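Novice: fold the following for me, if possible:
(one chain, ligands or ions: 2)
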Amino acid sequence: MNAPFPKATIEGYPRVGANRELKRALEAYWSGKIDAETFESAAHSLRLDTYARLRDLGLNEDYAIPADVAYYDHVLETALTVGAVQGETLDDEFRLARGNADSAPLEMTKWFDTNYHYIVPEIADDQTFNARPQRVLKIVEEARNAGHAVRPVLVGPVTLLALSKQADGSSTQPLEHLDAVVDSYISVLEQLHAAGVEWVQLNEPALVADLAAADDAALAQALQSAYRRILAAEKRPQVYLTTPYGSVRKGLDAINELQPEAVQVDLSVGTLALDPSYLERVAGLKSHLSAGLVDGRNVWAANLRDLRAKLETLPGASVTTSVSLQHVPHTVEAETSLPIDVANWFSFANEKVREVVALSSGPLAAPEAYAQADRAVRTRAESARTHNEAVQNRTAQLPEGEVQRQPLFAERNEAQKALGLPLLPSTTIGSFPQTQEIRAARAAHRKGTLSDAAYVDALRDEVKQVIELQERLGLDVLVHGEPERNDMVQYFAELLDGFVVTENGWVQSYGSRCTRPPIVVGDISRPQAMTVEWARYAQSLSEKHVKGMLTGPVTILAWSFVRDDVHQSVSADQLGVALADEVRDLEEAGIDIIQIDEPALRELLPLREQDRKAYLDWAVRSFRLVALEAKPTTQIHTHLCYSEFGQIIDAVAGLDADVTSIEAARSRMELLEDIDDKFHSEIGPGIYDIHSPRIPSVAEMAELIRAALRNVPVERLWINPDCGLKTRGYDETEASLRNMVLAREEVLSSLVPA
Ligand code: GLN
Ligand code: ZN
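Specialist: Ligands and ions are numbered 1, 2, ... in the order given. Okay, the predicted model is just below:
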């Protein structure tokens with residue numbers, strides 16, 4: 001049995017289903033509406049539908065279809081299969097992912113530089129790895145019964161351990177367990193072989209990143225030691241080793257020595273831009289090459305002729321996607337209201353499968369596909385929708401490089417004393433609970449059954465209640481609560497020129513959670529004010545300051561699909577000046593405190609150390625553009641969350657905000673230890689974790705405030721939760737905020753007057 005590697009394949013496919021069938025089944029099972037058997041049967045149907053669709057789209061060779069199956073997350077799935085975490089039943093799996101009444105869930109964190117989040121296995125000193133291949137064997141068999149020879153997909157051993165976490169109290173690093181986990185992989189592969197499987201896919205994206213857990217050389221070394229043993233195993237399927245999400249550096253020599261039967265490399269335009277010699281370097285690989293030419297991370301129709309020219313430099317290579325298609329929506333065909341010219345420019349998962357097939361068969365066999373791609377490239381380049389001269393002229397006039405708001409912080413800080421804020425001012429991060437009524441009103445408004453005027457009335461009513469609640473609680477700086485925002489990025493994307501939004505462009509974020517990222521199609525500008533009326537109204541209801549609330553340029557880009565025809569910094573500058581106009585309009589409406597949220601600043605951080613400075617330079621610059629012309633008396637806040645600020649703490653300080661609120665409760669203020677010498681701004685480390693419905697006590701929050709005061713002088717400290725409250729209920733929110741205000745009072749009263 002020596003099936004050849006397929007000529008055309010993909011690395012993975014969206015798992016939630018074209019109609020989010022998996023999401024619905026998961027949520028129905030979790031809420032007890034369906035039993036395990038009904039859930040399994042829904043998931044089974046979805047898998048078979050997917051295989052049939054992929055075959056229709058042209059993946060008709062044996063092993064062309066990846067069986068990248070996962071109910072909740074693919075890292076968790078592999079961890080269960082090789083016994084890196086223990087669990088047998090569906091409920092075990094969901095307990096690990098989501099926790100239950102008696103046990104906390106495993107941590108979840110970002111998957112490389114994407115918006116997908118994976119479950120982090122914890123490896124203890126005494127960890128044993130018992131292979132549990134039943135699930136993957138079942139997948140193979142059910143596919144075979146339906147007539148498909150699919151390719152099982154596992155996260156490879158090096159990546160699995162590199163992305164795992166050392167269990168609390170353990171002294172060994174996860175990668176020290178490599179030998180033991182490899183035993184388990186070998187046993188899984190043996191059983192796949194016994195079941196007649198001829199190709200297995202092992203994903204090793206860790207090889208493209210500089211990770212905190214292991215540097216490039218250490219990872220290459222780990223790869224050697226793991227795969228020497230795996231490939232030496234006698235009874236195994238042929239190994240397809242994949243390296244998505246960037247370029248392999250040191251690991252490439254190791255791969256060449258190991259010579260797995262086939263190797264995938266990411267040859268997307270973005271990866272080649274960061275590493276221009278990569279195409280030539282991979283051409284020398286001795287394994288069968290699977291060229292990841294079709295970009296799995298963006299939504300743009302491929303320039304087939306350009307890609308075909310690259311392919312021709314790699315004789316004999318197969319064609320695939322740069323990464324799994326799990327990061328793009330299912331199909332453009334589900335979009336009924338995109339502007340017609342624009343719709344032709346897009347390529348989602350199904351369209352990308354067709355591109356792979358057309359690339360592999362060539363222009364003579366698929367002339368229509370190439371002609372269509374040529375048209376998309378041409379009309380997009382010529383369109384007035386992509387190129388707006390007024391916008392380009394405006395950003396062309398900006399100074400290059402670093403921009404600096406004047407006067408500097410110390411002088412602004414002095415000027416802002418006029419705001420009359422008390423010591424240890426209390427505030428919240430922006431959103432208040434999104435009630436059932438608001439959601440229902442929004443849905444009715446979208447359907448057209450609720451008029452614009454009635455919708456606005458409902459939202460104003462909500463703003464009024466939120467202001468009254470904050471007054472009652474005794475908070476110092478108020479917010480309007482953001483009831484008008486379905487999402488902090490989508491809201492702005494719908495109001496800015498240069499974006500389009502989709503109806504069905506869902507992408508899995510984690511578990512059953514999906515987002516619908518807007519798409520930046522061209523130059524960005526602001527036709528009119530976006531937040532001013534809400535801020536003005538909220539401010540009219542209170543004597544206290546109400547914060548204006550904006551989403552920053554980096555976060556808007558991080559949670560959108562971006563352009564591939566200009567560098568991201570171009571869009572970032574355009575957003576910077578558009579939002580600067582919003583700042584000016586807010587000031588004119590009498591708003592003196594404006595928050596610019598950048599929770600995603602860390603998300604876009606490049607995987608390679610050497611690329612990070614250039615990113616942080618343009619990212620920080622775009623934020624600074626927003627605040628550049630703000631009056632000295634306007635207090636600019638920023639907010640960041642999703643922890644792990646260590647690597648970017650200088651950039652956070654470099655944002656030069658007057659006040660920075662930052663997630664800190666879960667790490668119990670640890671991050672403050674090295675913050676003091678870097679930060680001159682005021683700072684609000686979150687003192688309660690809004691990700692849980694638990695109501696923190698006065699005593700524990702007072703303790704956190706005291707902990708913060710050990711590192712931050714009292715005149716620079718703010719009191720606030722970790723993040724916005726939109727996912728919480730009103731009862732717990734009210735109780736938590738009341739305790740927060742009491743904790744502040746307790747600490748204040750114990751301070752010795754200066
Ligand atoms: N202002 C936003 C909110 O409160 C911030 C959300 C975030 O940081 N993710 O909802
Ligand atoms: Zn946040």
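Novice: from here on, contacts and neighbour counts on C-alpha atoms
Specialist: Will do.
Novice: report all helices and strands that the one helix or strand Arg354 maps to contacts.
Specialist: Counting by DSSP states H and E, the element that carries Arg354 is helix 349-361. Here helix 349-361 touches strand 288-294, helix 304-312, strand 318-321, helix 367-382, going by 3 or more C-alpha pairs under 8 Å, 6 or more residues apart in numbering; DSSP states H and E.
Novice: can we see that at 10 Å?
Specialist: helix 36-56, strand 288-294, helix 304-312, strand 318-321, helix 367-382 (3 or more C-alpha pairs under 10 Å, 6 or more residues apart in numbering; DSSP states H and E).
Novice: looking at these, which is buried most?
Specialist: Mean neighbour count (mean count of other C-alpha atoms under 10 Å) peaks for strand 318-321 among the helices and strands packed on helix 349-361, with a mean of 28.
Novice: could you export the helices and strands packed on helix 349-361 to a markdown table, including columns for mean pLDDT and distance to Ala180?
Specialist: Output for the helices and strands packed on helix 349-361, formatted as a markdown table (pLDDT from 0 to 100; distance: least, C-alpha to C-alpha, whole Å):
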| stretch | mean pLDDT | distance to Ala180 |
| --- | --- | --- |
| helix 36-56 | 98 | 31 |
| strand 288-294 | 98 | 29 |
| helix 304-312 | 98 | 39 |
| strand 318-321 | 98 | 32 |
| helix 367-382 | 96 | 48 |
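Novice: for Arg706, which of these is the nearest?
Specialist: helix 36-56 (48.1 Å; C-alpha to C-alpha).
Novice: list the buried residues for the helix holding Arg354?
Specialist: Buried residues in helix 349-361, counted by 16 or more other C-alpha atoms under 10 Å: 349-361.
Novice: ok, back up a step: with distance to ligand 1 as new columns, can the helices and strands packed on helix 349-361 be given to me in CSV?
Specialist: Shown next, in CSV, are the helices and strands packed on helix 349-361 (distance: least, C-alpha to the nearest ligand atom, whole Å):
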stretch, distance to ligand 1
helix 36-56, 31
strand 288-294, 31
helix 304-312, 37
strand 318-321, 31
helix 367-382, 33
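Novice: just put those in JSON lines and tack on distance to ligand 2.
Specialist: Below are those laid out as JSON lines (distance: least, C-alpha to the ion, whole Å):
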{"stretch": "helix 36-56", "distance to ligand 2": "33"}
{"stretch": "strand 288-294", "distance to ligand 2": "34"}
{"stretch": "helix 304-312", "distance to ligand 2": "40"}
{"stretch": "strand 318-321", "distance to ligand 2": "33"}
{"stretch": "helix 367-382", "distance to ligand 2": "36"}
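Novice: Arg151 contacts Gly196, doesn't it?
Specialist: No. At 11.3 Å, Arg151 and Gly196 do not qualify as touching, with contact defined as C-alpha atoms under 10 Å.
Novice: who's in contact with Arg716?
Specialist: Applying C-alpha atoms under 10 Å, 6 or more residues apart in numbering to Arg716 gives the contacts Leu423, Leu424, Pro425, Asp658, Val659, His680, Ser681, Glu682, Ile683, Gly684, Leu709.
Novice: tell me the least confident of the residues you listed?
Specialist: Confidence by pLDDT is poorest for His680 among the contacts of Arg716, given 84.
Novice: quick one: that residue from Asp656, how far?
Specialist: 9 Å (C-alpha to C-alpha, to the nearest Å).
Novice: between these two, what contacts are shared?
Specialist: With C-alpha under 10 Å, 6+ apart as the test, His680 and Asp656 both reach Phe409.
Novice: which SS class is Asp210?
Specialist: Assigned with DSSP: H, G, I helix; E, B strand; the rest coil, Asp210 falls in the coil class.
Novice: just give me the neighbour total for Arg706.
Specialist: Arg706 has 15 neighbouring residues, counting by other C-alpha atoms under 10 Å.
Novice: how many residues are close by the residue lying closest to it once chain neighbours are set aside?
Specialist: Residue nearest to Arg706 in three dimensions, not counting chain neighbours: Val747, with 7.3 Å by C-alpha to C-alpha, 6 or more residues apart in numbering. Neighbourhood size, Val747 [other C-alpha under 10 Å]: 17.
Novice: touching, Val747 and Ile705? I think so.
Specialist: Yes. Here Val747 lies in contact with Ile705, judged by C-alpha under 10 Å, at a distance of 7.4 Å.
Novice: who touches both of the two?
Specialist: What both Val747 and Ile705 touch, as defined by C-alpha under 10 Å, 6+ apart, is the set Leu424, Ala699.
Novice: which of His680 and Asp656 has more neighbours?
Specialist: Asp656 (23 against 18).
Novice: helix, strand, or coil at that one?
Specialist: Once three-state DSSP is applied, Asp656 turns out coil.
Novice: and the pLDDT for it?
Specialist: 97.
Novice: how near is the spatially most central residue of the chain to ligand 2?
Specialist: Centroid-nearest residue in the chain, with C-alpha atoms, centre = their mean: Asn115, separated by 1.5 Å. For Asn115, the distance to ligand 2 equals 15 Å [C-alpha to the ion, to the nearest Å].
Novice: list the contacts of Tyr730.
Specialist: Counting by C-alpha under 10 Å, 6+ apart, Tyr730 touches Phe432, Pro433, Gln434, Thr435, Ser736.
Novice: list phi and psi for it.
Specialist: phi -70, psi -40 (degrees, to the nearest 10).
Novice: near ligand 2, which residues of the protein?
Specialist: Cys641, Cys723 (C-alpha under 5 Å from the ion).
Novice: so the residue of the chain found nearest ligand 1 versus Phe432, what's the distance?
Specialist: Closest to ligand 1 within the chain is Gly724: 3.0 Å, counting by C-alpha to the nearest ligand atom. In this view, Gly724 and Phe432 are 7 Å apart by C-alpha to C-alpha.
Novice: that's a strand at Leu737, yeah?
Specialist: No. When classified by three-state DSSP, Leu737 is found to be helix rather than part of a strand.
Novice: is it true that it touches Gly474?
Specialist: Yes. Counting by C-alpha under 10 Å, Gly474 is a contact partner of Leu737 at 9.4 Å.
Novice: looking at these two, which is more packed in?
Specialist: The residue with more neighbours, out of Leu737 and Gly474, is Leu737; 24 against 16, by other C-alpha under 10 Å.
Novice: check contacts around the more buried one.
Specialist: 426-428, 470, 473-475, 688, 695-696, 698, 720-721, 743.
Novice: what's the burial count for the nearest residue to Pro696 once chain neighbours are set aside?
Specialist: Leaving aside its chain neighbours, Pro696 sits nearest to Ser736 (6.1 Å; criterion: C-alpha to C-alpha, 6+ apart). Residues lying near Ser736 (other C-alpha under 10 Å) number 22.
Novice: please apply the same query to the one 10 residues further on.
Specialist: The tally of other residues near Glu746 (other C-alpha under 10 Å) stands at 14.
Novice: and the strand or helix carrying it, what's buried?
Specialist: Assigned by DSSP H and E, Glu746 belongs to helix 730-750. For helix 730-750, burial by neighbour count (16+ other C-alpha under 10 Å) applies to 732-733, 736-744, 747-748.
Novice: do stretch 521-529 as well
Specialist: Val521, Gly522, Asp523, Ile524, Ser525, Arg526, Ala529.
Novice: quick one, what contacts the last one?
Specialist: With contact set as C-alpha under 10 Å, 6+ apart, Ala529 has these partners: Leu495, Leu496, Ala578, Leu579, Asp581, Glu582, Val583, Arg584, Asp585, Leu586.
Novice: that one belongs to a helix, doesn't it?
Specialist: No. Counting by three-state DSSP, Ala529 is not part of a helix but coil.
Novice: max pairwise distance over the buried residues of helix 349-361: which two?
Specialist: Among the buried residues of helix 349-361, Ala349 and Ser361 lie farthest apart (C-alpha to C-alpha), at 18.7 Å.
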